[in-house]
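> what's the 3D shape of this:
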Amino acid sequence: MIKPRKMKFYGLRDIDKIPQFDKLSSEQKSALNVVGQVLPFRTNNYIVEELIDWDNIPEDPIFQLNFLQKEMLHPEHYDVMDKALKKGADQELIEKIANDIRGELNPHPAGQMTANIPVCEDGEPVPGVQHKYREIVLVFPTAGQTCHAYCTFCFRWAQFVGVDDMKFATDESNKFQKYIKQKKRTADVLFTGGDPMVMSLPKLKTYIEPLLSDEFKHIRNIRIGTKSLAYWPYKFLTDKDADDTLRFFERIIKSGKHLSIMAHYNHWIELSTEAAQEAVRRIRNTGAQIRTQSPLIKHINDDSKVWVKMWRSQVKLGCIPYYFFVERDTGAKHYFAVPLSRVFEIFKNALMQVSGLSRTVRGPSMSALPGKVVITGVSEVRGEKVFVLNFLQAREPKWTKQPFFAKYDTTSTWLTQLKPAFDEEKFFYEDELQKILEAKAHLAKQKIYESELIEEM
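Now for the predicted structure:
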């Protein structure tokens, strides 16, 4: 029997209320405060009471996943902020320093704020929507742009630092519905964030229910990206709207749509509690499918044994391992990144040890500007050691599954650092990608010009 638990959030202002806080050294406490001025911090009572091994900090993987460390800022950034705090700088100066640092951390990687924002047929941009791949639209509900706790590695960290220019969210016009209605070749809608499952059920319904009508027959699959199964499983167990949420999932499925919960798990520990396992069972009993995904992250899961145990645990519970990502080039990338050569070895070694039911996972995948690029192998071609790459998804669909080659090295951590093999000047897609991006930029400028003309009239 799962006992109800009342949610308690902990942020920088009340972190000293965490019962285990005194286990941190004074240096760790100070570093958390310094780094927390730049990067977001939030945890909750479930994580600190059930997931973190406080006798194994700072090495404990969930502690690393949830608590900011000094090294997550570059030394020069850390020193500037540390000195400002020690001098008693006012909040305005602290925010300026923080924003200057944030601007150097690539807050919106892979063209999220420039190349992924769509426009309706009337030329109006669609707030809080990204449409990078033809078949799927991403929707960022305004009320879902937070989480039950913040991952230290999060590639969407800029959503949570309180700077409006860095946020990405829908407005209240429901313009995203109008846009999706127009895109008849789109089959999937992914509600993401943040975490849509922080929303109340009535708010969640306002986003999903319209898609169940006949006007959206072309939408076959509804996805919800969430970390709640790992960070707050009580959302599906004993929270006041838990049962009604599950009944809503059943209703989605009865409408003829497929519902997939895209669950973020970064370590098998997150699947080890009774609450976590029961939440999975309850969701699966609605007919919804749970697909799992995670990046490989240094200090947290950069060991094939962790992945083997995690995938086996997921399959045992009826989940489908889906994506093995490469840590994105944003935020504390320098702290979490692992060279691609080692990433591939960890993935390969883990895959060798699991049955075919776990080999549904795709990876190692880089969600880069041109698309999702996967490392399919390391080989020798024409006497040169190379990474063998291809696209799982691409801005231009015809690039999908077209193999290409990069020079093998042991230091690169992202696609942009790789060099084409065989002394080629560029990868096969680069010229066409440039044309696509230029066309998008030209269209955006044209819409701005037209709107300015209308205002003048």
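
> What pLDDT does the model give residue 126?
Model confidence at residue 126, given as pLDDT, is 83.

> Now do it against residue 134, distance only.
Using CB to CB, to the nearest Å, one obtains 16 Å as the distance from residue 126 to residue 134. C-betas here are computed from N, CA, C, even on glycine.

> Comparing the two, which shows the higher neighbour count?
Higher neighbour count among residue 126 and residue 134: residue 126, with 22 against 15, using other CB atoms under 10 Å.

> residues in contact with that one?
117, 118, 119, 120, 175, 176, 178, 179 (CB atoms under 8 Å, 6 or more residues apart in numbering).

> Please name the spatially closest residue to residue 307 (chain neighbours excluded).
Using CB to CB, 6 or more residues apart in numbering and skipping the chain neighbours, the partner closest in space to residue 307 is residue 350 (3.9 Å).

> Next one: the one you found from residue 58, what distance?
25 Å.

> Compare the two (neighbour count), which wins?
The neighbour count for residue 350 versus residue 58, taken as other CB under 10 Å, is higher for residue 350 (24 against 14).

> Low-confidence ranges, the stretch 351-457 of the chain, go.
For the stretch 351-457 of the chain, applying pLDDT under 70 flags the ranges 442-457.

> again, only using 50
The stretch 351-457 of the chain contains residues with pLDDT under 50 at 448-457.

> which residues of it fall in strands?
362-367, 371-381, 384-394, 404-407 (DSSP state E, counting those that start in this stretch).

> out of the ones you listed, which comes closest to residue 416?
Minimum separation from residue 416 across those (CB to CB) falls at strand 362-367, 9.4 Å.

> Now do that closest one against strand 371-381, angle only.
Strand 362-367 runs at 120 degrees relative to strand 371-381, counting by axes from the mean of the first three to the mean of the last three CA atoms, to 10 degrees.

> element containing residue 344, please.
Element membership for residue 344, per DSSP states H and E: helix 340-351.

> will you turn the strands of the stretch 351-457 of the chain into TSV that also has mean neighbour count and distance to residue 254?
Below are the strands of the stretch 351-457 of the chain laid out as TSV (neighbours: other CB atoms under 10 Å; distance: least, CB to CB, whole Å):
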stretch	mean neighbour count	distance to residue 254
strand 362-367	23	30
strand 371-381	18	32
strand 384-394	19	30
strand 404-407	19	44
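
> does the residue nearest to residue 307 really touch residue 302, like I thought?
No: using CB atoms under 8 Å, residue 350 is not in contact with residue 302; the gap is 11.1 Å.

> lowest-pLDDT helix or strand in this structure?
helix 430-456 (a mean of 68; mean pLDDT, DSSP states H and E).

> so what's residue 195 up against?
Here residue 195 is in contact with 144, 146, 147, 148, 225, 226, 227, 228 (CB under 8 Å, 6+ apart).

> which secondary structure element contains the closest residue in space to it that isn't next to it in sequence?
Ranked by CB to CB, 6+ apart and with sequence neighbours excluded, the top spatial neighbour of residue 195 is residue 147, at 4.4 Å. Here residue 147 sits in a region with no helix or strand, counting by DSSP H and E.

> how close does residue 147 sit to residue 266?
Taking CB to CB, one finds residue 147 at 13 Å from residue 266.

> Could you do residue 224 as well?
From residue 224 to residue 266 the distance is 18 Å (CB to CB).

> How is the chain divided into domains?
9-103, 109-357 (automatic domain parsing).

> Tabulate those domains (a markdown table), appending distance to residue 393.
Shown next, in a markdown table, are these (distance: least, CB to CB, whole Å):
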| stretch | distance to residue 393 |
| --- | --- |
| domain 9-103 | 27 |
| domain 109-357 | 5 |
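
> Least reliable of the ones you listed by average pLDDT, please.
Sorting the domains of the chain by mean pLDDT places domain 109-357 lowest, at a mean of 90.

> what ranges do the helices span in this structure?
For the chain, the helices defined by DSSP state H occupy 26-35, 45-46, 61-66, 75-86, 91-103, 175-182, 201-208, 228-231, 242-254, 274-284, 304-316, 333-336, 340-351, 430-456.

> closest to residue 411 out of these?
Across the helices of the chain, residue 411 has its closest neighbour in helix 340-351 (8.2 Å, CB to CB).

> Which parts of the closest one count as buried, going by neighbours?
340, 341, 343, 344, 346, 347, 350, 351 (16 or more other CB atoms under 10 Å).

> From the residues you listed, pick the one nearest residue 439.
residue 340 (30.3 Å).

> show me the contacts for the closest residue to residue 384 other than its chain neighbours.
Using CB to CB, 6+ apart and skipping residues adjacent in sequence, the residue nearest residue 384 is residue 421, 5.8 Å away. By CB under 8 Å, 6+ apart, residue 421 lies in contact with 381, 384, 386, 405, 406, 407.

> run the last query once more with 7 Å
384, 386, 405, 406, 407 (CB atoms under 7 Å, 6 or more residues apart in numbering).

> So what's the residue count around residue 86?
With neighbours defined by other CB under 10 Å, the count for residue 86 comes to 10.

> List only buried entries from the contacts of residue 126.
Looks like those have 117, 118, 119, 120, 175, 176, 179 buried, using 16+ other CB under 10 Å.

> Output those as CSV; include the columns distance to residue 287.
As requested, the buried ones among the contacts of residue 126 are exported to CSV (distance: CB to CB, whole Å):
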residue, distance to residue 287
117, 34
118, 31
119, 36
120, 33
175, 31
176, 26
179, 28
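
> Tell me the one among those residues nearest to residue 390.
residue 118 (25.8 Å).

> Surely that closest one touches residue 131?
Yes: if you go by CB atoms under 7 Å, residue 118 and residue 131 touch, sitting 4.2 Å apart.
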